[in-house]
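**Student:** structure for this input, please:
(4 chains)
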Number of protein chains: 2
Amino acid sequence: MSGRAEQIVDAARALIDEGGAATLTMRALGERLGIRAPSLYKHFPDKGAVEAEVITLAMRELAGALAPAAGDLSELAAAYRAYALAHPHLYRLMNSGPLPRHLLAPGVEEAAALPLMHVAGGDTDRARALWAFAHGMVILELDGRFPPGADLDSAWRTGLAAFAGPGQPPTY
Amino acid sequence: MSGRAEQIVDAARALIDEGGAATLTMRALGERLGIRAPSLYKHFPDKGAVEAEVITLAMRELAGALAPAAGDLSELAAAYRAYALAHPHLYRLMNSGPLPRHLLAPGVEEAAALPLMHVAGGDTDRARALWAFAHGMVILELDGRFPPGADLDSAWRTGLAAFAGPGQPPTY
DNA sequence: GTCTATACCCGGATAGAC
DNA sequence: GTCTATCCGGGTATAGAC
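**Tutor:** Here you go, the predicted structure:
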């Protein structure tokens, strides 16, 4: 609320973006802001509350990155992957592990999923399958699970072609 | 090598299976075996080495669980999901985050991926896309990312149908 | 709102005796 | 191969002064 809280969240976002979720400690966060860790507790009840704000922020960022590509499946997929590769730690933070839903700004989770839902033509099964494919591709890439020389563009195309196939006509 | 090392790995596996990777601490591991934590270092150089053995174990387990279903796409998918749901923590351990490849028994990673590769008809793009889909579905389910009432069986069917579609004839 | 001081807990790992 | 004793580092969070 007060400008200070936003500064804290921004610093926390930067910390995670640069070094991963584990890098976010109250001490490091304080140091980045030029204050001591205990002072942070005047603005947030605990670390979880700060982290939740960063998740909210990241989900809005992702939604913003996907919006321009809404409507076209391969563009959307490219935008999704591009965000994940540009901000792997933030991507992981918001898409892995348990989600503190009660601490998130209402609607952000849905907003981030909307473009995907839309491109699936309102078919929830297709939307979920597509989401799983996209998330799977991204997280396996981030985790270095594909072989070194693997042509992931090609794998993406293959997968997207499958989903654009029967029962769901392409966009053109 | 000595029977003791296997006991340690088994205990570590049980610990993770029950409570997740974070539950594996050298103290907890020792306690489970009725010895003190420092004694473990007579058998393993560090915690990472123990963990790597558990990953190797889990990958062999997964491969064993998939083998009977090899050949049929939907059976294979069902077996994959079933293992993940039965052992969510082990699944996560071996399929999330960086993999200490140099500490794994050679070939296990490939062995676990073989059935999937086979069902994709040797098409690496298709195999990778399929793997991404399956892993995505499983990990999103484990992380509670789908809406509470979501019909995941249906989403699985939709996704599998897409992958069984054009360019890759069904098995019958 | 910030500070210092500190409590508290937990982890991995080592030294050296037996 | 197991023990005890211990080091060392790191984290979250609180109390109370300013």
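**Student:** so how far is stretch A:11-23 off the chain centroid?
**Tutor:** Using C-alpha atoms, centre = their mean, to the nearest Å, the distance from the centre of stretch A:11-23 to the centre of the chain it belongs to is 14 Å.
**Student:** ranges for the helices of chain A?
**Tutor:** A:3-19, A:26-33, A:37-40, A:47-66, A:73-86, A:88-95, A:108-119, A:124-142, A:152-164 (DSSP state H).
**Student:** name the residues of the fifth one that are buried.
**Tutor:** Neighbour counts over helix A:73-86 (16 or more other C-beta atoms under 10 Å in any protein chain shown) mark A:73-74, A:76-77, A:79-81, A:83-84 as buried. To be clear about C-beta, it is placed using only N, CA and C from the backbone, and glycine gets the same treatment.
**Student:** for that helix, packing partners?
**Tutor:** Using 3 or more C-beta pairs under 8 Å, 6 or more residues apart in numbering or on different chains; DSSP states H and E as the contact test, the elements touching helix A:73-86 are helix A:47-66, helix A:108-119, helix A:124-142, helix A:152-164.
**Student:** follow-up on the earlier one: now, which of the buried residues of helix A:73-86 sits nearest residue B:162?
**Tutor:** Set against residue B:162, the nearest of those by C-beta to C-beta is residue A:73 (12.2 Å).
**Student:** tell me which parts of chain A are close to DNA strand D?
**Tutor:** Within chain A, the positions adjacent to DNA strand D are A:24-28, A:37-38, A:41, A:46-48 by C-beta under 7 Å from any atom of the strand.
**Student:** just the buried members of the residues you listed?
**Tutor:** When the residues of chain A next to DNA strand D are checked for burial by 16+ other C-beta under 10 Å, the buried set is A:24, A:26, A:47.
**Student:** switch these over to CSV; also include pLDDT and distance to residue A:153.
**Tutor:** As requested, these are exported to CSV (pLDDT from 0 to 100; distance: C-beta to C-beta, whole Å):
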residue, pLDDT, distance to residue A:153
A:24, 98, 33
A:26, 98, 41
A:47, 98, 39
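**Student:** which of those lies closest to residue B:160?
**Tutor:** Residue B:160 has its nearest neighbour among these in residue A:24, at 38.4 Å by C-beta to C-beta.
**Student:** OK, contacts around the most centrally placed residue in chain A?
**Tutor:** Among the residues of chain A, the one closest to the centroid is residue A:91, at 3.7 Å (C-alpha atoms, centre = their mean). Residue A:91 is in contact with A:58, A:62, A:83-84, A:138, A:142, counting by C-beta atoms under 8 Å, 6 or more residues apart in numbering or on different chains.
**Student:** related to what we said a few turns ago, of the buried residues of helix A:73-86, closest to DNA strand D?
**Tutor:** Nearest to DNA strand D out of the buried residues of helix A:73-86 is residue A:84 (C-beta to the nearest atom of the strand; 24.8 Å).
**Student:** what sits against that closest one?
**Tutor:** Applying C-beta under 8 Å, 6+ apart, we find residue A:84 in contact with A:91, A:138, A:141-142.
**Student:** adding pLDDT, write these out as a markdown table.
**Tutor:** Formatted as a markdown table, the contacts of residue A:84 follow (pLDDT from 0 to 100):
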| residue | pLDDT |
| --- | --- |
| A:91 | 98 |
| A:138 | 99 |
| A:141 | 98 |
| A:142 | 98 |
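**Student:** and the two most separated of the residues you listed?
**Tutor:** For the contacts of residue A:84, the maximum inter-member distance is 10.5 Å, found between A:91 and A:141 (C-beta to C-beta).
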